[in-house]
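K.L.:
I would like to see how this sequence folds:
(chains A and B)
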Amino acid sequence: KAGVTQTPRYLIKTRGQQVTLSCSPISGHRSVSWYQQTPGQGLQFLFEYFSETQRNKGNFPGRFSGRQFSNSRSEMNVSTLELGDSALYLCASTEIQGATMEGYTFGSGTRLTVV
Amino acid sequence: DQQVKQNSPSLSVQEGRISILNCDYTNSMFDYFLWYKKYPAEGPTFLISISSIKDKNEDGRFTVFLNKSAKHLSLHIVPSQPGDSAVYFCAAFSGNTPLVFGKGTRLSVIA
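P.N.:
Numbers count the residues shown, from 1 in each chain, chains lettered A, B, ... in the order given. Purely as a prediction, here's the structure:
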C-alpha cells in the first residue's frame, strides 16, 4: 500500500510570507503527526491530529497551525515566515492516537527554505 | 529541557566491526523506546524498539539494550556495513503521547 505522501518536496519562500504543507497518511491511518527537523536540533514535535481534532501540541509559536480533514489528510500552515523556519518538515501517520511500539511511518518530508 | 539525549553527534566505525550508539533519557515515565534510521532526503524509518519491561531486544544485526536504573539505552549493530551509514535517532514515549526524539547520531561505516 502507498506510504505517507508529503507535498511539495521542496519549497522556497520569502520572509513574511505564509506556507501550507500537505500530508496524505497511509490508507486506514487516522493519526497524523508533524515534526520539524533542523540541523543540531533533531526532530521536534509540532502537533498531532486524530479524527480531525488536535490531540497534542508541541512548544511552537502560534504561527504554526494545522488541521486534519475527514479523509485523514492533514495540512500545516506557517504564517509570517522567519529565516529560522527553514527546516525539513516531516509528517508521520499511525492507525491510533499517539505512538506505538512500531513507531510512526514517516513521509519523505518537505524541505522549506526561507530567504 | 531535553528528555532524550544523544550526546555523540557522530561516530565512525570500520566495516565488519560493532557500532554502538548511545541514548540517555530523563523522563522515568517513558514506557517504550525506539530507534530510527534516516538517510538524507528521506524520512526516518523504524528500526527496532523495546518495552521498559525488557532489557534487551534483538532483530538480526540490530540489538537494543535498556538499563532502566541508569536511564540509558544503546543500539548495537553487528557487523556494521557501509549501508548502515546514516543518522540514527533514539525516541521514547509513554501512554498515547507523541514520540520524543533525540538529536541524532551520524554513523559512518568505513569500508
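K.L.:
dump the residue contacts of residue 24.
P.N.:
Just going to use chain A. A:Val4, A:Thr5, A:Gln6, A:Arg73 (Cβ atoms under 8 Å, 6 or more residues apart in numbering or on different chains). Any C-beta I mention is one placed from the backbone N, CA and C, and that applies to glycine too.
K.L.:
think we crossed wires, I meant chain B
P.N.:
B:Val4, B:Lys5, B:Gln6, B:Asn7, B:Ala70, B:Lys71, B:His72.
K.L.:
that one pairs with what?
P.N.:
Beta bridges link B:Asp24 to B:Lys5, B:His72, judged by DSSP bridges.
K.L.:
picking up where we left off before, output the contacts of B:Asp24 in CSV; the columns should cover neighbour count.
P.N.:
Shown next, in CSV, are these (neighbours: other Cβ atoms under 10 Å in any protein chain shown):
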residue, neighbour count
B:Val4, 24
B:Lys5, 16
B:Gln6, 20
B:Asn7, 10
B:Ala70, 9
B:Lys71, 16
B:His72, 14
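K.L.:
which of those residues sit farthest apart?
P.N.:
Spatially, the most separated pair among the contacts of B:Asp24 is B:Gln6 and B:Ala70, at 15.1 Å (Cβ to Cβ).
K.L.:
grab the nearest non-local neighbour of the spatially most central residue of chain A.
P.N.:
In chain A, the centroid-proximal residue (Cα atoms, centre = their mean) is A:Trp34; its distance is 3.1 Å. Sequence neighbours aside, A:Leu46 is the residue nearest to A:Trp34 in space, at 4.1 Å (criterion: Cβ to Cβ, 6 or more residues apart in numbering or on different chains).
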